[in-house]
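Chemist: let's see this in three dimensions:
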Amino acid sequence: MKIDGSLMFDPVQVGPLAQALEAAGFDGAYTFDGQSDAFIGAAVAATATTRLEIMTSIAVAFARNPMSLAYLANDLQNLSQGRFILGLGTQVQAHIERRYSMPWGQPVARMRETVAAIRSIWSSWQSGERLAFEGAFYRHTLMSPTFSPPPSAHPLPPIYLAAVGPKMTAMAAEVADGVFIHPFNSAQSFAELTLPSLEAGLTAAGRPRSALTLSAQVITATGLSEQHFEQAVNSARTQIAFYGSTPAYLPVLKAHGWEALQPRWHAWIRAGDWGALGASVDDEMLHTFAVVGTPEAVGRQIAQRYAGKVDRISPVVYQPDAPLLAALRKAISAALAEG
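Modeler: Modelled structure (predicted):
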């Protein structure tokens, strides 16, 4: 199992942290759209390292268009010398429409077409054939030599998709090179909701399980001091409730009989009551959705929950620093080696 580490939002800090992750033996490092653009961080990390796989986990697909995504991924694949993974997610309707001011609708079909359009653009660049992609959401039919990058010496970047609901998960298993298991997951929801949807998608596409890389993201509350540990626990509680407030993630709550919390959390977020949000997540819920404890304890929990089930693991640490991530990587590797 490959182990990936998270990078900071601040692009100024990404380079040194990426180098530290590489030195600590991480297989990959991921940036994500949040307080800064995921692709800027990925570019910094790519130029600061030589071995580490660099991925966006995730970049918001619907905040952009297939052509811009194709250019960005092609540039990053060349910049990293073939180490880039394009990780995409939909985000939710409110953010797409109200934060990004972009259209929303039929997210599963739109994401399927996004992947197809990107690959069609890449194929045109590689082969020199006329670009002729016409879909229900996107139309790319113009590509002159002035704007066409030369064929890359590297393989096309893998495309990973983030998925939560059954339809998006099944579609991702059909068309993507990899699937990001959303951080808002539990052992139960993974077994009862995610795996059957993945299997349905693979079956529909006639693909073997080996054709799909599964990357599990897990909310991780750990620290090297008591103060940092408590901060991590509080961040994890708030993040769990934040995810759970989103209607799209309701099936995960239903798997545990906690669906009544969703409208309450949603109301608190609308009111800006972030303190109540985190305080409402009790210890049972915390330990259901997060791995919690010292790096050694967290490593054992990750190995127990995911070993043999996924191909990559991405501990989601909300306040990452090099010493903590190095200790975490060492602990996960040791736990996996123990079986």
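
Chemist: I'd like to know how many residues surround P16.
Modeler: 13 (other Cβ atoms under 10 Å). Glycine gets a C-beta too; all of them are placed from N, C-alpha and C.

Chemist: mind checking what secondary structure it has?
Modeler: Assigned with DSSP: H, G, I helix; E, B strand; the rest coil, P16 falls in the helix class.

Chemist: so how far is A70 from S148?
Modeler: 11 Å (Cβ to Cβ, to the nearest Å).

Chemist: any residues in contact with both of those two?
Modeler: Contact criterion Cβ atoms under 8 Å, 6 or more residues apart in numbering; residues shared by S148 and A70: W125.

Chemist: between these two, which one's more packed in?
Modeler: Comparing S148 with A70 by other Cβ under 10 Å, the one with more neighbours is A70, at 23 against 14.

Chemist: so the more buried one is in which element?
Modeler: Of the helices and strands defined by DSSP states H and E, A70 is found in helix 66-79.

Chemist: show residues contacting that helix.
Modeler: If you take Cβ under 8 Å, 6+ apart as the criterion, helix 66-79 is touched by 39, 42-43, 46-47, 54, 59, 61, 64, 83-84, 86, 88, 114, 117-118, 121-122, 125, 133, 138, 140, 149, 152-154, 156-157.

Chemist: if you count neighbours, what's buried in it?
Modeler: 66-67, 69-79 (16 or more other Cβ atoms under 10 Å).

Chemist: check stretch 240-250 too.
Modeler: Neighbour-count burial for stretch 240-250 flags I240, A241, F242, Y243, G244, S245, T246, A248, Y249, L250 (criterion: 16+ other Cβ under 10 Å).

Chemist: rank these by pLDDT and give me only the lowest.
Modeler: Scanning the buried residues of stretch 240-250 for pLDDT, the smallest score is found at A248, 82.

Chemist: touching, that one and V92? I think so.
Modeler: Yes. Counting by Cβ atoms under 8 Å, V92 is a contact partner of A248 at 5.8 Å.

Chemist: pull out the buried members of the contacts of helix 66-79.
Modeler: Applying 16+ other Cβ under 10 Å to the contacts of helix 66-79 flags 39, 42-43, 46, 54, 59, 61, 64, 83-84, 86, 88, 114, 117-118, 121-122, 125, 133, 138, 140, 152, 156-157 as buried.

Chemist: in strands, which of these fall?
Modeler: I54, A59, F84, L86, L88, F133, H140 (DSSP state E).

Chemist: relative to I332, how far out is the residue nearest to the fourth one when sequence neighbours are not counted?
Modeler: Counting by Cβ to Cβ, 6 or more residues apart in numbering, A73 is the residue found nearest to L86 once chain neighbours are left out, at 4.3 Å. Counting by Cβ to Cβ, the gap between A73 and I332 amounts to 28 Å.

Chemist: tell me who's in contact with W274.
Modeler: T238, W268.

Chemist: what mean pLDDT does the longest helix along the chain get?
Modeler: Identified as the longest helix of the chain according to DSSP state H is helix 107-127. Mean per-residue pLDDT for helix 107-127: 98.

Chemist: please apply the same query to stretch 189-202.
Modeler: Stretch 189-202 shows an average pLDDT of 96 in the prediction.

Chemist: do the same with stretch 156-169
Modeler: Taken as a whole, stretch 156-169 has an average pLDDT of 95.

Chemist: residue contacts, T194?
Modeler: Applying Cβ under 8 Å, 6+ apart, one finds that T194 lies in contact with A163, T169, I181, N185.

Chemist: return the member of those nearest to V298.
Modeler: N185 (15.7 Å; Cβ to Cβ).

Chemist: can you check my assumption that that closest one lies in a strand?
Modeler: No. Under three-state DSSP, N185 sits outside any strand and is assigned coil.
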